[in-house]
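Novice: give the three-dimensional model of this entry:
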Amino acid sequence: MTNVEVKKDGYLSIGKTEAVEISVDTFLCKGCGICLELCPRKVFEWSKELSEKGVHYPIPVNADKCVKCKLCELLCPDFAIAVKW
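Specialist: Next comes the predicted model:
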């Protein structure tokens with residue numbers, strides 16, 4: 001099992017493994033939850049804290065389950081998610 005490093009860097013919430021890095025821009029995210037609902041591997045969980053906009057945002061806590069399909073990035077209406085490898 002791969003270790004997942006989850007951290008917050010400014011507006012970015014980042015989940016990182018050796019294979020993939022997923023970042024969520026909490027300034028752009030409006031907390032619609034499309035990424036949580038449509039990710040086939042359930043990579044995201046809701047944050048416990050609120051963003052600057054006053055909404056819960058997704059955190060890629062299970063980045064080790066990501067298969068790099070980029071569905072979250074493609075479907076995010078706010079362009080808040082980036083998947084890199």
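Novice: pLDDT on stretch 3-18, on average?
Specialist: For stretch 3-18, mean pLDDT rounds to 96.
Novice: sorry, slip of the keys, the one I care about is stretch 29-36.
Specialist: Stretch 29-36 comes out with an average pLDDT of 97.
Novice: contacts for it, please.
Specialist: Outside stretch 29-36, the residues that touch it by C-beta atoms under 8 Å, 6 or more residues apart in numbering are 24, 42, 44-46, 51, 53, 55-58, 72, 75-78, 80-81. C-beta: built from backbone N, CA, C; applies to glycine.
Novice: ok, now stretch 64-72?
Specialist: 1-4, 17, 19-20, 22, 34-35, 38-44, 60, 81, 83, 85.
Novice: list the buried ones in it?
Specialist: The neighbour-count check on stretch 64-72 (16 or more other C-beta atoms under 10 Å) flags 64, 65, 66, 71, 72 as buried.
Novice: now the end-to-end length of it.
Specialist: Stretch 64-72 has an end-to-end distance of 15 Å (criterion: C-alpha to C-alpha, to the nearest Å).
Novice: what do you get for stretch 12-32?
Specialist: Criterion C-alpha to C-alpha; first-to-last residue distance in stretch 12-32 is 17 Å.
Novice: quick one, what contacts the residue nearest the centre of the chain?
Specialist: In the chain, the centroid-proximal residue (C-alpha atoms, centre = their mean) is residue 60; its distance is 4.0 Å. Applying C-beta under 8 Å, 6+ apart, we find residue 60 in contact with 4, 6, 13, 14, 15, 22, 23, 24, 43, 44, 66.
Novice: in terms of pLDDT, where does it sit?
Specialist: With respect to pLDDT, residue 60 has a value of 97.
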